[in-house]
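Fold the following and give me the result.
(chains A and B)
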There are 2 protein chains.
Amino acid sequence: MFKSILVPFDGSQGAEAALAKAAALAQLCGAELTLLTVYRHHSLLEASMHMLRPDEPADLDDIMRSHAKEVAERGKSLVVESGISAPRAFVKAGPVARTITGFAKERRHDLIVIGSRGLGSLEGVLLGSVSHKVTSLSETPVLVI
Amino acid sequence: MFKSILVPFDGSQGAEAALAKAAALAQLCGAELTLLTVYRHHSLLEASMHMLRPDEPADLDDIMRSHAKEVAERGKSLVVESGISAPRAFVKAGPVARTITGFAKERRHDLIVIGSRGLGSLEGVLLGSVSHKVTSLSETPVLVI
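Modelled structure (predicted):
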């Protein structure tokens, strides 16, 4: 049925629900499961702010990348708990929805499983709009949980 | 995994692709498969037109309902060809996306499988926007093919 499932994972409750469904579906289909955590690039605006406030951390990108890696590791451990050994997890920077759909196309995933919204978290609200953009842009089937 | 899958079916190529995936998934999960064909109510505008052009058919609703039934029967036969016996097919009138999500909630379907777009057909273009509305409105997981 499905051979290679991609789960965009941002650590929100919606993403955790999507991950649980994706893991069950992967086990049912004998599919590979891959996690992708996307963070946004340090913007030009933030760069200007940094010139005005030099006591801010030197490289926001580093901080965001490091946070994204922690989120991805947390996702990976959830997958392992669900009984799937050695899931793959990637961290990428870029515009969230386009990075997800581009990654899925490039690596020939045949399903994206994504959360629709978190419950009361800012990430959740953002993820809501991301799931919309992903279904619009994606050439790959998308399961919205 | 899934127990009760709903496929909104409008006869477009996108809907046929969704139906094929849904049938495979239903077989894998041992789920029931239900088709739903929704047609729009004869609008007030059309009623006014009818007063101006009395040679038009007496009841557009009847014609639309009858066409929707043919579409639903075609969908049913596609499901039977895929090896699932006695699928259920329903025809309903109303606003398309809301009717689909309301039906799924009321009848406790646990997955909606919907086509994203047809290939060059007007129905396909319309279905594209319907799949968007369905993912927005739905409390049920939605698989967009």
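
what's around residue A:81, how many residues?
10 (other Cβ atoms under 10 Å in any protein chain shown). Heads up, the C-betas are built off the backbone N, CA and C, glycines and all.

whoops, I mixed them up, residue A:87
Residue A:87: 22 neighbours (other Cβ under 10 Å).

Now do the contacts for it.
By Cβ atoms under 8 Å, 6 or more residues apart in numbering or on different chains, the contact set of residue A:87 is A:33-35, A:76, A:79-80.

These, buried ones only, as a ChimeraX selection?
Buried residues within the contacts of residue A:87, by 16 or more other Cβ atoms under 10 Å in any protein chain shown, are selected in ChimeraX with:
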select /A:33,34,35,76,79
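
helix/strand/coil for residue A:80?
helix (DSSP: H, G, I helix; E, B strand; the rest coil).

What residue, apart from its backbone neighbours, is nearest it spatially?
residue A:87 (6.9 Å; Cβ to Cβ, 6 or more residues apart in numbering or on different chains).

doesn't residue A:35 make contact with residue A:68?
No: using Cβ atoms under 8 Å as the test, residue A:68 is too far from residue A:35 to be in contact (11.0 Å).

And the top strand by length along chain A, how far out from the chain middle?
What stands out as the longest strand in chain A, according to DSSP state E, is strand A:32-39. Centroid displacement of strand A:32-39 relative to its chain, using Cα atoms, centre = their mean, to the nearest Å, is 5 Å.

List the contacts of that strand.
So strand A:32-39 is contacted by A:3-11, A:19, A:22-23, A:26, A:64-65, A:67-69, A:71-72, A:75-76, A:79, A:84, A:87-94, A:96, A:99-100, A:103, A:107, A:109 (Cβ under 8 Å, 6+ apart).

tell me the contacts of residue A:29?
A:1-3, A:5, B:28.

at 10 Å what do you get?
Applying Cβ atoms under 10 Å, 6 or more residues apart in numbering or on different chains to residue A:29 gives the contacts A:1-5, A:110-111, B:1, B:24-25, B:28.

and the residue nearest to residue A:80, what are its phi and psi?
With angles defined as degrees, to the nearest 10, residue A:87 sits at phi -70, psi 160.

how near is it to chain B?
Distance of residue A:87 to chain B, computed by Cβ to the nearest Cβ, to the nearest Å: 18 Å.

same deal with residue A:115?
Counting by Cβ to the nearest Cβ, the gap from residue A:115 to chain B is 10 Å.

wait, doesn't that residue sit right on residue A:142?
No: taking contacts as Cβ atoms under 10 Å, residue A:115 lies outside contact range of residue A:142: 11.4 Å.

Overlap of the contact sets of those two?
Joint contacts of residue A:115 and residue A:142 (Cβ under 10 Å, 6+ apart) are A:8, A:131.

Let's test this: name the helix or strand in chain A with the lowest mean pLDDT.
Within chain A, no helix or strand scores below helix A:44-52, which has a mean of 63 by mean pLDDT, DSSP states H and E.

returning to that earlier point: so of the contacts of strand A:32-39, which ones are in helices?
When the contacts of strand A:32-39 are checked against helices using DSSP state H, the ones located there are A:19, A:22-23, A:26, A:64-65, A:67-69, A:71-72, A:75-76, A:79, A:96, A:99-100, A:103.

Need the residues touching each of residue A:68 and residue A:35.
A:9, A:90-91.

Buried only: go through those residues for me.
A:9, A:91.

can you list the shared contacts of residue A:68 and residue A:35 in TSV and add distance to chain B and pLDDT?
Formatted as TSV, the shared contacts of residue A:68 and residue A:35 follow (distance: Cβ to the nearest Cβ, whole Å; pLDDT from 0 to 100):
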residue	distance to chain B	pLDDT
A:9	17	95
A:90	23	97
A:91	26	96
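
quick one: low-confidence ranges for chain A?
A:42-58, A:117-128 (pLDDT under 70).

Kindly report the residues of it close to chain B.
A:1-2, A:17-18, A:21, A:24-25, A:27-29, A:111-113, A:116, A:128, A:131-132, A:134-136, A:138-145 (Cβ under 10 Å from any Cβ of the partner chain).
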